[in-house]
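# pasting the sequence and the predicted model now:
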Amino acid sequence: MSELQEKISSRLAELDPAIELIAVEMSGPEALRIYIDHPGGVDLALCEQVTAHLGNLLLSYSLEVSSPGSDRPLSKPEHFCRYLGRRVRVRTREALEGQRNFTGTIEAADEEVVRVALSDSGAQVTIPHERIHRSNLVPDIAEGVSQ
């Protein structure tokens, strides 16, 4: 799968270097689901452009291109930097300060660590990137509420 992911990432860079490949999933035996992000946002037009650009993959797979959604995964140091001030859930590979799951606001981030102000206590925890197993944004409850 990583070879296919590298091929897709390279093809996306040809289309627009700002397009980021977030994930590639097999959603069936011959179906690919590709999650992309872009600094300007992901809309239907961008998804259609990506689908057309990756058309040669349609020979072997049905293809679905999508945005990562409001609970976007964060997998690189630059992701944490981009979303400073947003709520995040971080799961570490092993316990850090007696726990493995942290939910709070990203206070600071750099190439080495991310600092999170914990929702439950307000305390801050500094987590080295190499200790992070999984992390994602926590959707704002108000995002889906219309007034």
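Nice, I can see it.
# ranges for the strands of the protein?
20-28, 31-37, 62-66, 87-96, 99-109, 113-118, 124-128, 132-137 (DSSP state E).
# how near is Tyr35 to Lys76?
14 Å (CB to CB, to the nearest Å). Where you see a C-beta, it was placed from the backbone N, CA and C, and this is true even at glycine.
# compare these two (neighbour count), which wins?
Set side by side, Tyr35 and Lys76 show more neighbours around Tyr35, with 19 against 12, by other CB atoms under 10 Å.
# show me what contacts the closest residue to the more buried one other than its chain neighbours?
Once flanking residues are discounted, Tyr35 sits nearest to Ile22: 4.1 Å by CB to CB, 6 or more residues apart in numbering. Counting by CB atoms under 8 Å, 6 or more residues apart in numbering, Ile22 makes contact with 35-37, 68, 72-73, 75.
# average pLDDT across the longest helix along the chain?
Counting residues, the longest helix found in the chain (DSSP state H) is helix 2-15. Mean pLDDT, helix 2-15: 91.
# using PDB, list the CA coordinates for it.
Once non-C-alpha atoms are left out, helix 2-15 reads as follows in PDB (Å, rounded to 0.1, in the frame of the first residue of the first chain):
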ATOM      1  CA  SER A   2       2.800   2.500   0.700                       C
ATOM      2  CA  GLU A   3       4.100   2.100  -2.900                       C
ATOM      3  CA  LEU A   4       0.600   3.100  -4.100                       C
ATOM      4  CA  GLN A   5       0.500   5.900  -1.600                       C
ATOM      5  CA  GLU A   6       3.800   7.300  -2.800                       C
ATOM      6  CA  LYS A   7       2.700   7.100  -6.400                       C
ATOM      7  CA  ILE A   8      -0.600   9.000  -5.600                       C
ATOM      8  CA  SER A   9       1.300  11.600  -3.600                       C
ATOM      9  CA  SER A  10       3.700  12.200  -6.400                       C
ATOM     10  CA  ARG A  11       0.900  12.500  -8.900                       C
ATOM     11  CA  LEU A  12      -0.900  15.000  -6.700                       C
ATOM     12  CA  ALA A  13       2.300  17.100  -6.400                       C
ATOM     13  CA  GLU A  14       2.200  17.300 -10.200                       C
ATOM     14  CA  LEU A  15      -1.300  18.700 -10.100                       C
END
